[in-house]
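> the amino acid sequence is not available; the structure is as follows:
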């Protein structure tokens, strides 16, 4: 218990809020700039750059999902909702699904990179390349809206063969639903006001989130692809530049994160230096484009889910 309290005290809450504010300021600056000029190579470069900064925003959302955004639970939830708005996705829903990810990593529910004797090869390839081309992001956003409207949608016949979808949502409890609905409704209302008032450039938003969709979708699986089929150990530490590490809030040290999900992002490199990295981030990315691989390795069983790490 003392160790847990000590780790809580190491959470860089102020730093996280400063980073969040800088992301919002960058977001506003880019779209103010877009209002005063037409789309050209300069504005497109700004939008592409901002799409990478949204990865940092997601990293903050991820920290909040683990209770590592701020040691004060209310401020942690507030920070998570701030980050969720720019995604956009419900912070509460992310907490539910991400805790399930830690329980089901490399099981039959999360092995999109592997083809077993029971798999349909074509479906596996479609799933895999949909991740690499960014379709995972819109499915998360639309899935959020669907859950907010129909909490029992996971039981619909159309999802019966999508085991990963059913498992990710099976731990929703009645108290989660009002929070998800409140967060989703608030996001939709604010985004609608921004569009209606003309503060948001429609084409600019499409370009921004198209780039972010590809970045984020790939980011979700790059540290897990082709790893051993073990729930905790099935993650890589990826070697990359210090600038990229900061952009990801040390998300490239994912093996350390899966072993110590209670540790904030600032401590992961210190843990990772003992084990070092497995492969470079860029090499892993290009390897993913080769597609799923055949596997006879037996899958692990899911671990018990902890809602608060």
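Received, thanks. What you are looking at is a predicted structure, and each value in this text was computed from that prediction instead of being measured.

> in this structure residue 20 contacts residue 83, no?
Yes: using Cβ atoms under 8 Å, residue 20 is in contact with residue 83, at 6.6 Å. (Each C-beta comes from the backbone N, C-alpha and C, glycine too.)

> what sits in contact with each of these two?
Common neighbours of residue 20 and residue 83, using Cβ atoms under 8 Å, 6 or more residues apart in numbering, are 57, 60.

> more crowded one of those two?
Per other Cβ atoms under 10 Å, whichever of residue 20 and residue 83 has more neighbours is residue 83, with 30 against 21.

> quick one: low-confidence parts of the stretch 201-309 of the chain?
306-309 (pLDDT under 70).

> what are the buried residues along the lengthiest helix in the chain?
Among all segments of the chain classified by DSSP state H, the helix with the greatest residue count is helix 41-65. By 16 or more other Cβ atoms under 10 Å, the buried positions in helix 41-65 come out as 43, 46-47, 50-51, 53-65.

> which secondary structure elements does it contact?
If you count contacts as 3 or more Cβ pairs under 8 Å, 6 or more residues apart in numbering; DSSP states H and E, helix 41-65 packs onto helix 13-35, helix 73-86, helix 91-104, helix 202-219, helix 242-247.

> closest to residue 190 out of those helices?
Closest to residue 190 of these is helix 73-86 (Cβ to Cβ; 7.0 Å).

> next, find the distance separating residue 89 from residue 140.
6 Å (Cβ to Cβ, to the nearest Å).

> which one's more surrounded, those two?
residue 89 (24 against 19).

> list the contacts for that one?
Neighbour list for residue 89: 61, 140, 141, 144 [criterion: Cβ under 8 Å, 6+ apart].

> one more time with 10 Å
The neighbours of residue 89, taking Cβ atoms under 10 Å, 6 or more residues apart in numbering as the test, are 58, 61, 83, 97, 137, 140-141, 143-145, 180, 183-184, 187.

> which stretches of the stretch 51-200 of the chain have low pLDDT?
157-163.

> just name the most buried of the helices and strands packed on helix 41-65.
When you average the neighbours per residue for each of those (mean count of other Cβ atoms under 10 Å), helix 91-104 leads with a mean of 22.

> could you check the angle that one makes with helix 73-86?
On the basis of axes from the mean of the first three to the mean of the last three Cα atoms, to 10 degrees, helix 91-104 is oriented at 100 degrees to helix 73-86.

> run the chain-centre distance for whichever helix or strand comes after helix 91-104.
Downstream of helix 91-104, the next assigned helix or strand under DSSP states H and E is strand 114-115. Centroid separation between strand 114-115 and its chain, computed with Cα atoms, centre = their mean, to the nearest Å, is 22 Å.

> and strand 114-115, what does it pack onto?
Applying 3 or more Cβ pairs under 10 Å, 6 or more residues apart in numbering; DSSP states H and E, one finds that strand 114-115 makes contact with helix 121-132, strand 293-294.
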